[in-house]
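S.K.: Output the structure for:
(chains A and B)
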There are 2 protein chains.
Amino acid sequence: MNKLNLKNGRNMSMLMDFYELTMSNGYFLDGMGDTTAYFDMFFRKIPEDGGYAIMAGLEQVIEYIEGLKFDEDDIEYLRGLNTFDERFLNYLQNFKFTGSVYAIPEGTLIFPGEPILTVKAPVKEAQLLETMILLTINHQSLIATKTSRIVRAADGRPVMEFGSRRAQGPDGAMFGARASYIGGAAATAATIVGEEFGMPVAGTMAHSWVQFYDDEYTAFKKYSEMYPDNSVLLVDTYSVLNSGVPNAIRVAKEVLEPMGKRLKGIRLDSGDIAYLTRKARKMLDDAGLTDCKIVVSNSLDEHIITSILQQGAQIDSFGVGERLITSKSEPVFGGVYKLAAVENDEGQIIPKIKISENVEKITNPGFKKVYRFFDKDTHKALGDVITMADEVINDKEPYTIFDPVYTWKKKTLTNYYVMELQQEIFRDGKLVYNSPTLEETRNYTKLQLDNLWDEVKRFENPHTYYIDLSKKLWNVKNELITKLKGEK
Amino acid sequence: MNKLNLKNGRNMSMLMDFYELTMSNGYFLDGMGDTTAYFDMFFRKIPEDGGYAIMAGLEQVIEYIEGLKFDEDDIEYLRGLNTFDERFLNYLQNFKFTGSVYAIPEGTLIFPGEPILTVKAPVKEAQLLETMILLTINHQSLIATKTSRIVRAADGRPVMEFGSRRAQGPDGAMFGARASYIGGAAATAATIVGEEFGMPVAGTMAHSWVQFYDDEYTAFKKYSEMYPDNSVLLVDTYSVLNSGVPNAIRVAKEVLEPMGKRLKGIRLDSGDIAYLTRKARKMLDDAGLTDCKIVVSNSLDEHIITSILQQGAQIDSFGVGERLITSKSEPVFGGVYKLAAVENDEGQIIPKIKISENVEKITNPGFKKVYRFFDKDTHKALGDVITMADEVINDKEPYTIFDPVYTWKKKTLTNYYVMELQQEIFRDGKLVYNSPTLEETRNYTKLQLDNLWDEVKRFENPHTYYIDLSKKLWNVKNELITKLKGEK
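M.R.: I've put the predicted structure just below:
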């Protein structure tokens, strides 16, 4: 099955910003195309002022890079634009990625400023990867992060992803559902995601089923006869309390119980959820249907779920649609891809920086990696330090972290151990990484959330997780800023 | 070229909500699967409280329906779920759409409550189409509508779609760019959209180009030598006014003018756009570069564009990214697909309604179409009337429209002509519609916007365009409500 496989199934090579091609052509013609460049993907701000984000989409980036090639039609189209040199077009026609990629695995908690993916490659290649790397990881990290918030609000109740119809294009639905599984969703309505990624699929019935039959009771009866083990009845087509719930109870008694079956659930998709679910719960309980679950699904997100649960809503699981699959309240994950270094003729790595008028847009220069510090006793994450790629932190010795802006804010860690977050994905063009299964990634996310302090996880004003720079990186950065600002 | 073609390129059949399959299986087993059903797609609210929306995505819906089939893997997967009858799986394996589809063409202005697409088909087929119809039209209509707002704010200046890297998956980028063209964007950075849909592609340079070289002047010089006819220089890598603009001017004088070329433009991607563009314009003008264009591109949308233009920003064109490609301020177009009627054994059309606790969720019953009324003298659109499919409006006679809620609000139109909006797309499974080119659709949108009063087009509190029901439809609807509400 490869409908969604970007290596074998679909060639996305031409989904790149046009300037990637003009720049690559430029480096090529300038004789600089083979210069080794280091590009970092990082993001500046966690969506919705949350305390953490979740890395997702790496598997699709890998497929994309493996499948990257330009066919005859592509070259013909580019030639027609009268912009590219024939030698460059010839190079593209035989394109093969020869560089290295380092990345933080999917499902890892990630924080602003960290290099979540680094490409080390001839600049003419590295430039071409920008658009799809950003697009893929921005999208899936956004949805995984949003889902994690919603799942937290649901407080142990399963969250089902029901958003395909409101997704931004087929991929928005399919890769979004994949990311939602990493973020903790229990199931999806998107059948293809079950088929392709093994995510559990779920669904109940639509209003059309209830409307199609002459009356609600008949519609419920037919459905329960057909699916006696999995009968979840949609009770809000006409009136939840006057007709939907009473008809569901009648079907439970008259149709299912004689078959030795129980009514599995009812679903509400409109109205005052807090009020209606309390009333419905009582009606079901009074009828002896205490095991009948209540599913709700009307424009939910983490805030509405928190609110209706606080109001005493009686809910067993949630179907969450548009606000999850588009991350409606903040539908953009702002990852960027910036040049961090180039190698000179002697193979020395020369750090590069982007200054910008906006201070928060200043980049971290050099070839880097990230260490995560954990408390030895509680195993809680203490903070991250971005270091140069060749730095080694010896966790047998105390380590002093400091705030990169207010450098007098210091803290010396002693009782800790560290984990390097980057993995080598491609080495000189060869894939050297085995992607975990989606299930493994999902479990890995859950584990890490358990190791994160609750204060960082809350929705309102979460505690800011430490993301510091090593002394070496801090020095390189400040020297570059001083040099460039001094030049003016 | 069929990378994006959903008929030949990709099979999206399994991208359907799981309940479409269980319901279809249910109708099938109940012996009701061949009952002719009428489903309407409509939406309830224009995004961002705007005055109009733009229909988009129909061409992809057509491709999807033409390509709909289930392969061996799909059937095997479904079989493994132990939910479906073998006879139904056998039916799916030989699936072919046999119904009819009516729709409002792409690029048409559309309004809440109108059936923008109607499927008349055996219910077992019509049900299966729901997810992809909604997903496709919701997504593209959202982006076309958002782009139209941004293009209006730009007030004649070209808007380029630069959002791929922040789109929600590859399709979000590709079909989003397509929709942006319908909505009035002038070009896209997504190369594949140029290749596949013929949309003009555009791009300048990234910060990486400037950082890559030892200094900004060298970077600009190299680029201008390579692209002397199309040199747009990104001036904010270090400092716009202290270094970027002066270096651009120096390149214009020292590199381009000796070649007989002019500097085409500069681009700003950060900082205080209103202030910086005014300063930059003056510096360029003082250097005799009055023909050098200023392009800006930092987190723009219709509101920011309106604001910076009011502040006297000097801008010739806009590159708009994440806020366009995700419709950030409202990333969901809420189209739904609801059962409107079924045929009985005698072939009579029996209207169906959904009541709901939320009044605005009550549907319009029956097989319907939409008439648009235009003033004979000004050619401005006066309003729309939703009628039964068999109603004929004779524009030689006066026609009284009335508000469907406050029915005493009436208006008799005399000096008008009407246009029926629905087109027949499929007839008994056969495609009978020729999709216009994307360019034609774009021009059609523009024409219609010219025929819409400015009061309906404004961003703040636009005048509400009339969307009324014919007397016949109003009667059918109210009889059904009375009957169902009376039954409780």
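S.K.: Most distant residue from the centre of chain A?
M.R.: Distance from the C-alpha centroid of chain A, by CA atoms, centre = their mean, peaks at A:Pro258 (46.3 Å).
S.K.: How about the secondary structure of it?
M.R.: Look at A:Pro258: counting by DSSP: H, G, I helix; E, B strand; the rest coil, its state is helix.
S.K.: State the pLDDT value of it.
M.R.: Predicted confidence (pLDDT) for A:Pro258: 97.
S.K.: Mind splitting chain A into its structural domains?
M.R.: Each structural domain of chain A that the record assigns through automatic domain parsing is listed here as a residue range: A:18-143+A:331-487, A:144-325.
S.K.: how many other residues sit next to the residue nearest to A:Leu58 when sequence neighbours are not counted?
M.R.: Setting aside the residues directly before and after it, A:Leu58 is nearest to A:Glu106 in space (CB to CB, 6 or more residues apart in numbering or on different chains), at 4.7 Å. In short, each C-beta sits where N, CA and C put it, glycine included. Counted with other CB atoms under 10 Å in any protein chain shown, the neighbours of A:Glu106 add up to 28.
S.K.: same check, this time on A:Ser327
M.R.: For A:Ser327, the number of neighbouring residues by other CB under 10 Å comes to 28.
S.K.: The residue nearest to A:Leu58 belongs to a strand?
M.R.: No. Checked against three-state DSSP, A:Glu106 lies outside a strand; its state is coil.
S.K.: before we move on, back to that, return the most buried member of the domains of chain A.
M.R.: Comparing these by mean neighbour count (mean count of other CB atoms under 10 Å in any protein chain shown), domain A:144-325 ranks first with a mean of 22.
S.K.: And it, how far out from the chain middle?
M.R.: 24 Å (CA atoms, centre = their mean, to the nearest Å).
S.K.: Can I get stretch A:61-72 in PDB, CA atoms only?
M.R.: Backbone C-alpha positions of stretch A:61-72 (Å, rounded to 0.1, in the frame of the first residue of the first chain) are rendered in PDB as follows:
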ATOM      1  CA  VAL A  61      10.200  13.900   4.900                       C
ATOM      2  CA  ILE A  62      12.300  10.800   4.500                       C
ATOM      3  CA  GLU A  63      10.000   9.400   1.800                       C
ATOM      4  CA  TYR A  64      10.100  12.700   0.000                       C
ATOM      5  CA  ILE A  65      13.900  12.900   0.000                       C
ATOM      6  CA  GLU A  66      14.200   9.300  -1.100                       C
ATOM      7  CA  GLY A  67      11.800   9.900  -3.900                       C
ATOM      8  CA  LEU A  68      13.100  13.300  -5.000                       C
ATOM      9  CA  LYS A  69      13.600  13.300  -8.800                       C
ATOM     10  CA  PHE A  70      12.600  15.400 -11.800                       C
ATOM     11  CA  ASP A  71      10.900  13.700 -14.700                       C
ATOM     12  CA  GLU A  72      10.800  14.800 -18.400                       C
END
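S.K.: isn't A:Tyr227 right up against B:Met23?
M.R.: No. Under the criterion of CB atoms under 8 Å, A:Tyr227 lies out of contact with B:Met23, with a separation of 10.2 Å.
S.K.: residue contacts, A:Leu473?
M.R.: The neighbourhood of A:Leu473, defined by CB atoms under 8 Å, 6 or more residues apart in numbering or on different chains, consists of A:364-366, A:368, A:386-388.
S.K.: nearest residue to A:Leu438 other than its sequence neighbours?
M.R.: Distances taken as CB to CB, 6+ apart place A:Phe197 nearest to A:Leu438, at 5.4 Å, with adjacent residues excluded.
S.K.: right, and the one you found touches A:Tyr181 too?
M.R.: Yes. Taking CB under 8 Å as the contact criterion, A:Phe197 and A:Tyr181 are neighbours in contact, 7.2 Å apart.
S.K.: which residues are in contact with both of the two?
M.R.: The contact lists of A:Phe197 and A:Tyr181 share A:Leu438, where a contact means CB under 8 Å, 6+ apart.
S.K.: got a pLDDT number for A:Lys354?
M.R.: 86.
S.K.: Double-check that it belongs to a helix.
M.R.: No. Under three-state DSSP, A:Lys354 sits outside any helix and is assigned coil.
S.K.: From chain B, how far out is it?
M.R.: 5 Å (CB to the nearest CB, to the nearest Å).
S.K.: what are the phi and psi angles of that residue?
M.R.: Dihedral angles of A:Lys354 (phi, psi; degrees, to the nearest 10) stand at phi -120, psi 130.
S.K.: How about the contacts made by it?
M.R.: By CB under 8 Å, 6+ apart, the residues touching A:Lys354 are A:338-339, A:361-363, B:207, B:211, B:237.
S.K.: So what pairs up with A:Ile386 in the strands?
M.R.: Taking DSSP bridges, one obtains A:Val370, A:Leu469 as the residues bridged to A:Ile386.
S.K.: so what's it up against?
M.R.: By CB under 8 Å, 6+ apart, A:Ile386 lies in contact with A:113-115, A:364, A:368-370, A:467-470, A:473.
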